[in-house]
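A.B. asks: I need the structure of the sequence given here:
(chains A and B)
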2 protein chains.
Amino acid sequence: MEPIKAMQTKSAQEVRQMIRDGQLRGPTSGYADGYMQANLMILPAQYAADFKGFCDKNPKSCPLVAMGRPGDPSLPLAGDIDIRTDVARYRVYRQGVHIDTVDNLLSIWRDDLVIFALGCSFSFENAILNAGIEIRHITAKRNVPMYKTNLPTVQNGPFKGNMVVSMRAFSPSDLVQAILLSSRFPLAHGAPVHIGNPEEIGIKDIYQPDFGDVPVIQEGDILGFWACGVTPQMAIQQANVDIAITHEPGYMLVTDLPADANELSVA
Amino acid sequence: MEPIKAMQTKSAQEVRQMIRDGQLRGPTSGYADGYMQANLMILPAQYAADFKGFCDKNPKSCPLVAMGRPGDPSLPLAGDIDIRTDVARYRVYRQGVHIDTVDNLLSIWRDDLVIFALGCSFSFENAILNAGIEIRHITAKRNVPMYKTNLPTVQNGPFKGNMVVSMRAFSPSDLVQAILLSSRFPLAHGAPVHIGNPEEIGIKDIYQPDFGDVPVIQEGDILGFWACGVTPQMAIQQANVDIAITHEPGYMLVTDLPADANELSVA
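C.D. replies: Predicted coordinates:
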């Protein structure tokens, strides 16, 4: 017998097919419940080793889930992935500047492009929600607020720059639980890089995020700041790469891996 | 070959012998490095089941490590323990009131007394220090500050009352690590019960602890509050027990278990 849940939500493969067919052109949060979603970075092969090293040195910002081969649009995260058509919206950077937003990569794909899939925060957010803890921006149907910080990444080759963080506000005891739960997902950015006063990491006004929506903060909340997958987009701006392609924030690559594939087991 | 460390520190058995012989009459912190130390509670057998249930319902305040049999002064935490002589200083409560402090229990031991050994924070403090993180009161050679709170325990039989917490102040990123490390020691009170604003849990003046020493707090610190082994001493005051015996805070029972015996393994 088919479980009832399978009739209510779509599989990762079905969601990728919808995107491929142009039926889904929006953010992927809430689609393919239970499957891991990933941040995307595509770079010319000449930068691939340096970017791989940048990920290795900055695992909280850039948790590397999978890496492709030059010119190969597939990824070992599902049998049918064609990265040129399977993300709903892409950002194209030339010389580190975001110059275009496109629906597919069919006309700009090159034989030297290498795909990187990086973990995203959805996995630990699911674990927090499953623990019965509210995530304020999700309740308010807003995008997570994201901020540039003064926390440096570790440079590797041309890739460098400061960390971008996402912020989630919790009551003190919920924040303790959120810290513990997120630490179990090292491929989803792991535990927070900072908690408390935003000014200490160079954020002047918490109500003016650099990306995403205005935060929801309740009386008595403590702010938690997690390393964010937008960090590598800052790094490619620094690196002056001739071409780089990322997903549009929120429009993720949906993989066939379970959302908790990257959860550390706790005895 | 004998490891050098064995020549520098004393074994748990040696420390208990020193206490038994009257050679050690001070706090046990720093003695028998690497061995688990425990909080002590001794009650008449008629209260044993209710107190056991109170521990089960409040595992963060009262993490039960071992329980004795009526009249038996031994404990399955080491072969040679005689609880009447193996703790350096004891508090005697009559009708819930602390009326005496004694060096041994030889003259007041009774055939109906039952021993409870409860985990203490030394295990997780060791793990934090081993991670290279400063614990401010240890650096300052002070006792940990402890506070009565408005956080209720879960009542069981006559045992009830509010939680006592210990406080450790850390920089934000160190507090995140301290939360993660302490969560791996559920028998040493586990993760904090509160972080941040002390007023939210009923602490009016952080610089006036109810027990222990005045805290050391640095600019930018966030306060972490852990459930504390003094909590059951509040519960016996509520219960109006005819006799109860505890250790003097800081003068712990040194066991033969390794300090990390209660650490959860993380894959």
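
A.B. asks: Model confidence at the closest residue to A:K204 other than its chain neighbours, what's the number?
C.D. replies: Computed as Cβ to Cβ, 6 or more residues apart in numbering or on different chains, the closest residue to A:K204 that is not its neighbour in sequence is A:P198, at 8.0 Å. Glycine gets a C-beta too; all of them are placed from N, C-alpha and C. pLDDT, A:P198: 98.

A.B. asks: And the residue positioned nearest the centre of chain A, how far from A:G250?
C.D. replies: Nearest to the mean C-alpha position of chain A, by Cα atoms, centre = their mean, lies A:C120 at 3.5 Å. To A:G250, A:C120 is 10 Å away according to Cβ to Cβ, to the nearest Å.

A.B. asks: now swap in A:D213 and tell me
C.D. replies: From A:D213 to A:G250 the distance is 11 Å (Cβ to Cβ).

A.B. asks: what do you get for A:V65?
C.D. replies: 18 Å.

A.B. asks: same thing with A:S173?
C.D. replies: Applying Cβ to Cβ to A:S173 and A:G250 gives a distance of 29 Å.

A.B. asks: Could you do A:I133 as well?
C.D. replies: In terms of Cβ to Cβ, A:I133 sits 22 Å off from A:G250.

A.B. asks: Spell out which residues of chain A are next to chain B.
C.D. replies: A:172-173, A:175-176, A:179-180, A:183, A:191-197, A:200, A:220, A:222, A:264-267 (Cβ under 8 Å from any Cβ of the partner chain).

A.B. asks: which of the residues you listed are buried?
C.D. replies: A:172-173, A:175-176, A:179-180, A:183, A:191-196, A:200, A:222 (16 or more other Cβ atoms under 10 Å in any protein chain shown).

A.B. asks: Which of those residues fall in helices?
C.D. replies: A:172-173, A:175-176, A:179-180, A:183 (DSSP state H).

A.B. asks: distance between the ends of stretch A:101-120?
C.D. replies: Stretch A:101-120 has its terminal residues 21 Å apart, counting by Cα to Cα, to the nearest Å.

A.B. asks: does A:H137 count as helix, strand or coil?
C.D. replies: Following DSSP: H, G, I helix; E, B strand; the rest coil, A:H137 is assigned to helix.

A.B. asks: A:Y93 now?
C.D. replies: strand.

A.B. asks: so what's it up against?
C.D. replies: By Cβ atoms under 8 Å, 6 or more residues apart in numbering or on different chains, the contact set of A:Y93 is A:99, A:233, A:236-237, A:241, A:243-246.

A.B. asks: where does chain A dip in pLDDT?
C.D. replies: A:1-8, A:262-267 (pLDDT under 70).

A.B. asks: Just the strands from chain A, written as ranges.
C.D. replies: A:35-44, A:64-67, A:90-94, A:97-102, A:113-119, A:146-152, A:162-170, A:194-195, A:222-227, A:243-247, A:253-258 (DSSP state E).

A.B. asks: Looking at those strands, spot the one closest to B:L129.
C.D. replies: Closest to B:L129 of these is strand A:194-195 (Cβ to Cβ; 21.1 Å).

A.B. asks: distance between the closest one and the chain's centre?
C.D. replies: 19 Å (Cα atoms, centre = their mean, to the nearest Å).

A.B. asks: Need the contact partners of it.
C.D. replies: So strand A:194-195 is contacted by A:149, A:151, A:165, A:175, A:179, A:200-201, A:222-225, B:172-173, B:175-176, B:195, B:222 (Cβ under 8 Å, 6+ apart).

A.B. asks: rerun at 7 Å
C.D. replies: For strand A:194-195, the external contacting residues (Cβ atoms under 7 Å, 6 or more residues apart in numbering or on different chains) are A:175, A:200-201, A:222-225, B:172-173, B:175-176, B:222.

A.B. asks: Now distance to B:L105 too, for the residues you listed, in CSV please.
C.D. replies: Below are those laid out as CSV (distance: Cβ to Cβ, whole Å):
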residue, distance to B:L105
A:L175, 43
A:E200, 51
A:I201, 54
A:I222, 45
A:L223, 50
A:G224, 48
A:F225, 52
B:P172, 45
B:S173, 45
B:L175, 39
B:V176, 43
B:I222, 41
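
A.B. asks: Just the closest of those to B:Y35, please.
C.D. replies: Nearest to B:Y35 among the contacts of strand A:194-195, with distances taken as Cβ to Cβ, is B:L175, at 27.1 Å.

A.B. asks: about what we covered before: which single one of the contacts of strand A:194-195 is nearest to B:L24?
C.D. replies: B:L175 (33.7 Å).

A.B. asks: Name the nearest residue to that closest one, sequence neighbours excluded.
C.D. replies: B:L175 sits nearest to B:I222 (Cβ to Cβ, 6+ apart), 5.0 Å away.

A.B. asks: coming back round to it: need the contact list for the residue nearest to the centre of chain A.
C.D. replies: Here A:C120 is in contact with A:37-39, A:188, A:229, A:252 (criterion: Cβ under 7 Å, 6+ apart).

A.B. asks: again, but for A:P44
C.D. replies: Here A:P44 is in contact with A:112-113, A:242-243 (Cβ under 7 Å, 6+ apart).

A.B. asks: Please pick the buried ones from the residues you listed.
C.D. replies: Here, 16+ other Cβ under 10 Å leaves A:113, A:243 buried among these.

A.B. asks: Out of the contacts of A:P44, which is nearest to A:A140?
C.D. replies: Checking the contacts of A:P44 one by one against A:A140 (Cβ to Cβ), the nearest turns out to be A:I243, at 36.4 Å.

A.B. asks: what's the burial count for the closest residue to the closest one other than its chain neighbours?
C.D. replies: The shortest distance from A:I243 to any residue other than its chain neighbours is 5.9 Å, reached at A:R94 (Cβ to Cβ, 6+ apart). Using other Cβ atoms under 10 Å in any protein chain shown, A:R94 has 13 other residues around it.

A.B. asks: One more: A:N150?
C.D. replies: 11.

A.B. asks: A:E134 too?
C.D. replies: With other Cβ under 10 Å as criterion, A:E134 counts 16.

A.B. asks: Share the number of residues neighbouring the spatially closest residue to it that is not a sequence neighbour, please.
C.D. replies: Sequence neighbours aside, A:D174 is the residue nearest to A:E134 in space, at 7.5 Å (criterion: Cβ to Cβ, 6+ apart). Neighbours of A:D174 under the rule other Cβ under 10 Å: 20.

A.B. asks: returning to what we had before: of all pairs in the contacts of A:P44, which one is the farthest apart?
C.D. replies: A:L113 and A:D242 (11.2 Å).

A.B. asks: Can you pull the phi and psi angles for the closest residue to A:G224 other than its chain neighbours?
C.D. replies: Nearest non-adjacent residue to A:G224, counting by Cβ to Cβ, 6+ apart: A:P192, 4.6 Å away. For A:P192, the backbone dihedrals (degrees, to the nearest 10) come out as phi -60, psi 150.

A.B. asks: Who are the contact partners of A:P192?
C.D. replies: Here A:P192 is in contact with A:179, A:182, A:224-226, B:176 (criterion: Cβ under 7 Å, 6+ apart).

A.B. asks: if I look at it, how far off is A:F170?
C.D. replies: 10 Å.

A.B. asks: Could you tell me which residues touch both of these two?
C.D. replies: What both A:P192 and A:F170 touch, as defined by Cβ under 7 Å, 6+ apart, is the set A:G224.
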